[in-house]
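>>> Return a 3D structure for these sequence lines:
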Amino acid sequence: MPLSRPCPNLPRHQPEPSRIMYRAACLFALALMVPLAAAAQCTGEDLRATLTDAERSRLDAAVAATPYPEGNHWRAEKAGEVLHLVGTVHLSDPRLDAPMDRLRPLIPEAGAVLLEMTGAERSELTEAMRNDPGLLMLNGKTLPELLPEADWQALAAKLSERGIPSFVAAKMQPWYLMSLLSLPPCAMDAMSEQNGLDTRIEAAADASGVPTRALEPFDAALKILGDGPVEKQIGYLDMAAAASEQDGDGLVTTLDAYFDERHVEFWQLTPILMARTDDHYAGEAQDLAEDFGAAMLADRNRAWLPVILDTLAGTDKPVIAAFGAAHLGGEDGVLNLLAQEGFTLTREPF
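Residues are numbered from 1 along each chain as shown. Here you go, the predicted structure:
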């Protein structure tokens, strides 16, 4: 069965600004699902191997203090209800073939499959952003007026590499550009491939006639990011710009940590790596990462819990919930939230 492609080509007669905005909307609809996008096409070094002793000690301590820091496949059980939780990445990688082969037999036996977004929600998000430019554009001052000149020029250069010209970027909201900066140039082509683990699971569910359901409305994450004051958005933008300096290295690290099933390690690694870019950024990077994690992970996890419990109550079969691996671990991670609800959790082979 063909995989969904939420970004078909626009007719050639469309004016260039419309084509740029449409492409940007498509990229955001895909990039939104993961803090740092990853692509096998990007080459580089796993940055965990470059940590100093002090950085490694800091990372190990943070991971040790975090509930459920490892494992991409967990089984949760309570009073006869069975839930399989699968941490995913949203882009294609050949290393996904083996995990998908192991997960595939579970899908026909499921009563439902829960995903961050189904194909329907991805299409809704893309269309909403394409048809309502106000979702993306600044109403007041432009970014060249809000940022120091040197910062704006550096930002404009990075966005130009991603196909967003400066005259368009100048009027875009900072949170939106932050999301685009999570896509380095080497990953741009991979974003249209849509063959990540969540998409493969969705396709297998469709082929088996198993119903799929989104964990949240199509615009949930968009509202979380867009509701913040512009000053906070610029802080997130600075964080993304610093992380983008790692280019392929950051993406290789993301993927390697994922396939090592060490999702919390990567999340805790992010502020350590960003602090290397500037001495003054060390404390700020940690604060920004925690604030961003609360908004994009913890708050959404808590909102997903009633959806998960409702779906379990509506079927006598197991349920599969597949979502970005960063949502699994932590005090407010989905695993810990389920443990607090009385579920017994067992790590399963991935």
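
>>> pLDDT wise, what is Q153 at?
Reading off the confidence values, Q153 has pLDDT 91.

>>> make that A240, sorry
Looking at A240, its pLDDT reads 68.

>>> repeat for the one 3 residues further on
Residue-level confidence at A243 comes out at 62, pLDDT.

>>> Let me know the secondary structure of the spatially closest residue to R200 that is not a sequence neighbour.
Nearest residue to R200 in three dimensions, chain neighbours excluded: M100, at 5.2 Å (Cβ to Cβ, 6 or more residues apart in numbering). Bear in mind the C-beta positions are built from the backbone N, C-alpha and C, glycine included. Assigned state for M100: helix (three-state reduction, DSSP: H, G, I helix; E, B strand; the rest coil).

>>> Verify the stated contact: M100 with L197.
Yes. Applying Cβ atoms under 8 Å, one finds M100 in contact with L197, separated by 6.5 Å.

>>> okay, those two: which has more neighbours?
The residue with more neighbours, out of M100 and L197 and counting by other Cβ atoms under 10 Å, is L197; that gives 24 against 15.

>>> mind listing what the residue nearest to D299 when sequence neighbours are not counted touches?
Taking Cβ to Cβ, 6+ apart, and ignoring the residues beside it in sequence, D299 has I224 as its nearest neighbour in space, at 6.7 Å. The neighbours of I224, taking Cβ atoms under 8 Å, 6 or more residues apart in numbering as the test, are A295, M296, D299, R300.

>>> burial of the third one, as a residue count?
Residues within reach of D299, counting by other Cβ under 10 Å, total 15.

>>> In which helix or strand does it reside?
Counting by DSSP states H and E, the secondary-structure element that holds D299 is helix 299-313.

>>> gap between A110 and N72?
Distance, A110 to N72, by Cβ to Cβ, to the nearest Å: 17 Å.

>>> wait, G324
Separation of G324 from N72 (Cβ to Cβ) stands at 11 Å.

>>> what is in contact with those two at once?
Shared between the contact lists of G324 and N72 (criterion: Cβ under 8 Å, 6+ apart) are residues G87.

>>> so A322 sits in a strand?
Yes. Checked against three-state DSSP, A322 lies within a strand.

>>> residues in contact with it?
Taking Cβ under 8 Å, 6+ apart, we find A322 in contact with L85, V86, G87, T88, V113, L114, L115, L197, D198, I201.

>>> Out of these, which comes closest to P349?
Ranked by distance to P349 (Cβ to Cβ), the contacts of A322 are led by V86 at 11.6 Å.

>>> what are the bridge partners for that closest one, then?
Applying DSSP bridges to V86 yields these beta-bridge partners: H73, A322.

>>> I'd assumed L197 was in contact with it.
Yes. Here V86 lies in contact with L197, judged by Cβ under 8 Å, at a distance of 7.2 Å.

>>> Show me the strands in this structure, by range?
If DSSP state E is used as the criterion, the strands of the chain fall at 73-78, 81-88, 112-115, 212-214, 319-324, 344-347.

>>> Point out where the stretch 1-150 of the chain drops to low pLDDT.
1-42 (pLDDT under 70).

>>> Quick one: end-to-end distance for stretch 61-81.
34 Å (Cα to Cα, to the nearest Å).

>>> roughly how far is that stretch from the heart of the chain?
Its chain's average C-alpha position is 19 Å from that of stretch 61-81, according to Cα atoms, centre = their mean, to the nearest Å.

>>> Same question for stretch 215-222.
For stretch 215-222, the distance to the chain centre is 12 Å (Cα atoms, centre = their mean).

>>> same question, stretch 291-302
Here stretch 291-302 shows a centroid-to-chain-centroid distance of 12 Å under the convention Cα atoms, centre = their mean.

>>> Verify the stated contact: G248 with D46.
No. Shown here, G248 and D46 do not form a contact pair, counting by Cβ under 8 Å, at 10.8 Å.
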